[in-house]
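Enquirer: Provided below are the primary sequence and the corresponding predicted coordinates.
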Amino acid sequence: MASAFDLWRKAGHSIALVPTMGGLHGGHLSLVAAALTTHDKVVVSIYVNPTQFAKHEDLADYPRTMTEDEAALSRFGDRVSIFAPDSLYHEDHATMIVPQGAALPLEGAHRPHFFTGVATVVFKLFQAVPADSAFFGEKDYQQLAVIRQMVRDLSLPIVILKVPTMRNASGLALSSRNRYLTEEQSAIAPQLYREMRACAQVVAGGLAWQDACDGAKDRLIAAGFASVDYFMFCEADSLAPATVVTDSSRLLVAVWLGKTRLIDNESYRLLCIAQ
Ligand code: AMP
């Protein structure tokens, strides 16, 4: 990576990093395509980061599809390279970045280890791949906020850029974890985005957002979801619960479908106009 960077820098190339955990799908590829529109070279990192999984979570089962990932990225040609380290951690690794602020609510409340693992690995990736910019998906909206906060607070010399969530035709956000869903669960999963839209639309009609979200949660359970970790409108910047829902509010959700956890989010404004 270091020698490739030397050559690229000498040639005056701009370089973007797209961090991923592999199991690549159209959402990841939309990040690569966006990065290619503004940068000469794009490095896609593929690394299943152990420190963001709790012991009981799906680290062992997480999709590892390097052959397919390489094939998907080869279509972009030689401006795209893969960085796939075996490990990013020393066997005695003992230093973590523990983000506060945007990392505390929502995912932070349900998966307390998660953003510490994410911030630490993203920091290490920025060291290994010192790109001009890094691209992140709005699919993981809170993660994007935590990374922006880390870059601001630790004065990291990299620009963070965001890409909208890619969905399939039914509205389900593309995710590596969608592969875990059975056929029956795959048929139920699109109900999540339908409820997000319906919820925004009844809020637009005047219902208090808390009541609208309670109704959506009940319907999701009735549709076959196992449980709802959160389904709430937040302020888009602070991620604090919305006082009143405005155009800048965002609906963030995390639900369980069988043993698979799905997360999604969208702006109130877009949900109101989405078909
Ligand atoms: P992951 O491999 O799940 O860690 O995701 C790597 C990057 O791809 C993150 O910045 C995600 O937010 C982004 N990403 C994942 N799914 C999507 C999607 N459906 N649309 C856009 N970006 C996505």
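Expert: Yep, it's here.
Enquirer: The stretch 1-150 of the chain: strands as residue ranges?
Expert: 15-20, 41-46, 80-83, 133-137 (DSSP state E, counting those that start in this stretch).
Enquirer: who in the stretch 1-150 of the chain is up against the ligand?
Expert: 20-21, 27-28, 30-31, 136-137, 139-140 (CB under 6 Å from any ligand atom). Any C-beta I mention is one placed from the backbone N, CA and C, and that applies to glycine too.
Enquirer: Where does pLDDT dip in the stretch 151-275 of the chain?
Expert: Within the stretch 151-275 of the chain, not a single segment meets pLDDT under 70.
Enquirer: circling back to that earlier point, may I ask which of the residues of the stretch 1-150 of the chain next to the ligand has the most neighbours?
Expert: His28 (27 neighbours; other CB atoms under 10 Å).
Enquirer: how close does that residue get to Val80?
Expert: Distance from His28 to Val80, counting by CB to CB, to the nearest Å: 12 Å.
Enquirer: Are there residues contacting both of the two? Which ones?
Expert: Listed as contacting both His28 and Val80 by CB atoms under 8 Å, 6 or more residues apart in numbering are Val44.
Enquirer: List the contacts of Ala198.
Expert: Ala198 touches Ala216, counting by CB under 8 Å, 6+ apart.
Enquirer: How about the secondary structure of it?
Expert: At Ala198, secondary structure determined by DSSP: H, G, I helix; E, B strand; the rest coil is helix.
Enquirer: That one and the ligand, how far apart?
Expert: For Ala198, the distance to the ligand equals 21 Å [CB to the nearest ligand atom, to the nearest Å].
Enquirer: And for Leu181?
Expert: 15 Å.
Enquirer: just Gln191 next, same as before
Expert: For Gln191, the distance to the ligand - CB to the nearest ligand atom - is 17 Å.
Enquirer: cool, and Asp78?
Expert: Where the ligand is concerned, Asp78 sits at a distance of 22 Å (CB to the nearest ligand atom).
Enquirer: Quick check on that residue: phi, psi?
Expert: phi -80, psi 10 (degrees, to the nearest 10).
Enquirer: And the residues of the stretch 1-150 of the chain next to the ligand, which two are furthest apart?
Expert: Met21 and Ser30 (16.1 Å; CB to CB).
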